[in-house]
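Asks: Structure here, sequence nowhere to be found:
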Ligand code: MD3
Ligand code: FE
């Protein structure tokens, strides 16, 4: 599948777009898997650490770790904040996507599911709650198109707008991994994938630093 570099700036080196990576049938298939995740791990509302303000985007996760935020701060947790149960596994289609585009030796540890109503937004931010920035973030858009914004490594720098459509995949690697970004708006009625309208974004991430192979082997030996 063909990827396009989104920008020429050195600081956005590693930002790749795969337009229409998933066709309509594969989007349906992926959506069914995401619905299965949400059945097991219901959507919750995260809150901003200092203000305690609720975010407009509702969230869930799959994978060994899931992203969560409340008054005590942003963090990754191994269980759902309301049910106390482990997050469900990352669907095979998303593991296959990671293997295809991430060019990273270890599997993703977290898949954050962001659910946008037509009025939801995500302010400009950096993703830096992970201990390993050498791995890319891989993002999938489903449902209504959105206006996505990417800047550089500082909040005050210039930003560029892009439109993300259902089925598009973004890879945020290299220096783009720490770029400021956000979702300005959802374009209601631009996709018929979600009967209820709105947009779903999936982000696959590494959270911890990969163990060295020798360490992993020793641990496996130890654990019998
Ligand atoms: C650019 N999600 O969950 S995904 C997030 O559409 C998040 O829901 C947005 O930002 C969404 O943190 C954008 C694309 C994305 C993800 C991570 C990035 C873009 C990024 C990290 C660095 C630069
Ligand atoms: Fe982000």
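Replies: Arrived safely, thanks for sending. Please read these numbers as outputs of a predicted model, since none were measured by experiment. Ligands and ions are numbered 1, 2, ... in the order given.

Asks: How about the residues of this protein by ligand 1?
Replies: Residues of the chain lying near ligand 1 by Cβ under 6 Å from any ligand atom: 112, 114, 122, 127, 137, 139, 150, 170, 172, 176-177, 179, 181, 183, 201, 203. (Glycine included, C-beta is placed from N, CA and C.)

Asks: if you look at those residues, which of them are in strands?
Replies: Secondary structure from DSSP state E places 112, 114, 122, 137, 139, 150, 170, 172, 181, 183, 201, 203 of those in strands.

Asks: so who does the fourth one touch?
Replies: By Cβ atoms under 8 Å, 6 or more residues apart in numbering, residue 137 lies in contact with 127, 171, 172, 173, 177, 203, 204, 205.

Asks: Kindly recompute the last result at 10 Å.
Replies: 102, 108, 110, 112, 127, 130, 170-173, 176-177, 181, 203-206 (Cβ atoms under 10 Å, 6 or more residues apart in numbering).

Asks: Quick one: residues in contact with stretch 214-224.
Replies: Contacts of stretch 214-224 (Cβ under 10 Å, 6+ apart): 106, 210, 211, 212.

Asks: are any of those buried, and which?
Replies: For the contacts of stretch 214-224, a burial check counting by 16 or more other Cβ atoms under 10 Å picks out residue 210.

Asks: Can you add secondary structure and pLDDT and give the contacts of stretch 214-224 back as TSV?
Replies: Compiled in TSV, the contacts of stretch 214-224 are given as follows (DSSP: H, G, I helix; E, B strand; the rest coil; pLDDT from 0 to 100):
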residue	secondary structure	pLDDT
106	coil	95
210	coil	80
211	coil	76
212	coil	73
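
Asks: before we move on, the earlier item: turn the ones in strands among the residues of the chain next to ligand 1 into TSV, including pLDDT.
Replies: Putting these into TSV (pLDDT from 0 to 100) gives the following:
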residue	pLDDT
112	98
114	98
122	98
137	98
139	98
150	96
170	97
172	96
181	97
183	98
201	98
203	98
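
Asks: which one of those residues has the most neighbours?
Replies: For these, the largest neighbour count, defined by other Cβ atoms under 10 Å, is 27 neighbours, found at residue 170.

Asks: Could you pull up the contacting residues of that residue?
Replies: Residue 170 neighbours (Cβ under 10 Å, 6+ apart): 3, 6, 15-19, 21, 101, 136-141, 148, 150, 162, 164, 176, 181, 201, 203.

Asks: Just want to check the distance between it and residue 138.
Replies: Distance of residue 170 to residue 138, computed by Cβ to Cβ, to the nearest Å: 7 Å.

Asks: Count the neighbours of residue 189 for me.
Replies: Counted with other Cβ under 10 Å, residues neighbouring residue 189 total 10.

Asks: and if you look at the one 5 residues further on?
Replies: By the criterion of other Cβ under 10 Å, residue 194 has 17 neighbours.

Asks: and the closest residue to it other than its chain neighbours, how far is that from residue 166?
Replies: The shortest distance from residue 194 to any residue other than its chain neighbours is 4.1 Å, reached at residue 143 (Cβ to Cβ, 6 or more residues apart in numbering). To residue 166, residue 143 is 6 Å away according to Cβ to Cβ.

Asks: for residue 203, same thing?
Replies: In this view, residue 203 and residue 166 are 16 Å apart by Cβ to Cβ.
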